[in-house]
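Peer 1: requesting a structural model of the entry that follows:
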Amino acid sequence: MTDIEKIMDNNQTGSENKTTSQKNKSSRLVSLDTMRGFTMLWITGGGYLISSLQSLGDFKLFNFLAYQMDHSSWEGLRFYDCIWPGFMLMVGVSIPFAYAKRSLTQSYPLMLRHALIRFFILFLLGSLRESVSMGEVHLFELSSALQPIAVAYLVSFLLVRKSWKIQAGVGLAILLFYGLAQALIPVPGVGAGSYEHNANLVWFLDGKLLPSRIEDSVFLAGWGTTITMIPPISTTILGLLIGRLLRSEKGHEYKLKILAAISAGVLASGYLVSFFVPVVMKLWTVSYGLLSAGWAAFELLLLYLIIDVLGYRKWSLFFVVIGMNALAIYLSGTVMKLHKIADIFTQGPASLMGSFGPVFSALGFLALEWSILYWMYKRKIFLNP
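Peer 2: This next block holds a predicted model:
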């Protein structure tokens, strides 16, 4: 019998206090919603706001922050490179909580059906976003977020009832298999173990499997599309393990120690591997996967300590409002073109503000987005697949 099944059994036979405890364990983590909102902020209006600060002058701090608000051109790790892995981790963390909540009223076949429907919706939303962005129909957008999230979510859901050892074993096996494939499989005219731009295993397989997209800007920039959707599954499985930990009956001190050990261990492994395998987000190399997952776990550790353990949560409302409707705001930039609506109201005043104009425009766009999300939040309107 799995841990979740034991909890369910105790809930059915236990006292009213245990029933209340079970419901509390199935509730949302405020720290997780905060982290989701904080992460989403930078790919909607926050990144634009930080970059606009450079219009105020050539300040080292503003230049450094703006540098962090863009992806690494090839090797290296910036803050912006950690956003996507952070989402992969958070998807995994949320699964044990959602599974436990649904277990109170649904059978496993019904939950599996829901997971499959969610997988297809996320996959199709990814297609919609890519097609609108590119101006033509694109079924696959595996180099972006939604479709890899859909795949990793489904795999992690299928593992949710397994032991933590099996979950960890599968996650490590996926990362190891991918890393060995990149290092050992030779590429015609290139050889094995190459991580150079457009001269590597990922680039070669993309060209063979998706020949129609060879001239796409995404392909030319070196973004992996096909096999690079495999290693993010490991990051989501790591989140699955963390979610299992945070939902357990262990005390806060134990959870913080284990989460600290996980984040430190994954980070140390990533930096060690980086001596042999370069950190390249566009190829999702093993070193990149470990480092980005480790930093995401560390961020969750801090937020869990501050919000859920120490109880300082009032400040988090700004981010929670965004995090509770992350999918809506993610799609809004491409599908709804909110930035064009904001420009109608900000372009005039901004033109009169000199160097502060770009900052004003960025603030106006962010205010519009957040106001819409707050309106949805107050009315309990949440867009979920």
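Peer 1: and Tyr195, its phi and psi?
Peer 2: Note on Tyr195: backbone dihedrals following degrees, to the nearest 10 are phi -120, psi 20.
Peer 1: partner residues bridging it?
Peer 2: Counting by DSSP bridges, Tyr195 is bridged to Asn200.
Peer 1: can you check the pLDDT for it?
Peer 2: Looking at Tyr195, its pLDDT is 96.
Peer 1: quick one: it and Tyr67, what's the gap?
Peer 2: Tyr195 sits 22 Å away from Tyr67, going by Cβ to Cβ, to the nearest Å. In short, each C-beta sits where N, CA and C put it, glycine included.
Peer 1: neighbour count winner among the two?
Peer 2: Legend: neighbour count by other Cβ atoms under 10 Å for Tyr195 and Tyr67, higher for Tyr195 (20 against 15).
Peer 1: mind listing what that one touches?
Peer 2: Gln182, Val277, Pro278, Val280, Leu283, Thr285 (Cβ atoms under 8 Å, 6 or more residues apart in numbering).
Peer 1: so where's the stretch 1-150 of the chain shaky on pLDDT?
Peer 2: 1-28, 132-144 (pLDDT under 70).
Peer 1: what about the helices in it?
Peer 2: 3-13, 16-25, 30-41, 47-52, 60-68, 83-103, 108-134, 146-159 (DSSP state H, counting those that start in this stretch).
Peer 1: including distance to Ile174, could those go into TSV?
Peer 2: TSV is the format used below for the helices of the stretch 1-150 of the chain (distance: least, Cβ to Cβ, whole Å):
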stretch	distance to Ile174
helix 3-13	23
helix 16-25	28
helix 30-41	23
helix 47-52	30
helix 60-68	29
helix 83-103	12
helix 108-134	18
helix 146-159	9
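Peer 1: which one of those helices lies nearest to Leu256?
Peer 2: Nearest to Leu256 among these is helix 30-41 (11.7 Å), distances taken as Cβ to Cβ.
Peer 1: pull the distance from the closest one to the chain's centre.
Peer 2: On the basis of Cα atoms, centre = their mean, to the nearest Å, helix 30-41 sits 10 Å off its chain's mean C-alpha point.
Peer 1: now it against helix 83-103, angle please.
Peer 2: 140 degrees (axes from the mean of the first three to the mean of the last three Cα atoms, to 10 degrees).
Peer 1: where do the helices of the stretch 251-385 of the chain begin and end?
Peer 2: Using DSSP H, counting those that start in this stretch, helices in the stretch 251-385 of the chain cover 252-273, 286-303, 317-323, 326-331, 338-351, 357-378.
Peer 1: now the third one: average pLDDT?
Peer 2: For helix 317-323, the per-residue pLDDT values average out at 95.
Peer 1: Leu290 contacts Val277, doesn't it?
Peer 2: No. With contact defined as Cβ atoms under 8 Å, Leu290 does not reach Val277; the gap is 9.6 Å.
Peer 1: who has more neighbours, the two?
Peer 2: When Leu290 and Val277 are compared for neighbours, Leu290 comes out ahead with 29 against 20, by other Cβ under 10 Å.
Peer 1: excluding chain neighbours, give the residue nearest to Asp33 in space.
Peer 2: Gly323 (4.1 Å; Cβ to Cβ, 6 or more residues apart in numbering).
Peer 1: which residues sit in contact with that neighbour?
Peer 2: Leu32, Asp33, Thr34, Met35, Arg36, Gly37, Phe38, Met40.
Peer 1: now, which of those residues sits nearest Gly357?
Peer 2: Looking across these and measuring by Cβ to Cβ, the closest to Gly357 is Met40, at 25.6 Å.
Peer 1: distance of that closest one relative to Ile166?
Peer 2: Met40 is 31 Å from Ile166, by Cβ to Cβ.
Peer 1: phi, psi for Trp223 please.
Peer 2: Torsion angles, degrees, to the nearest 10, at Trp223: phi -70, psi 130.
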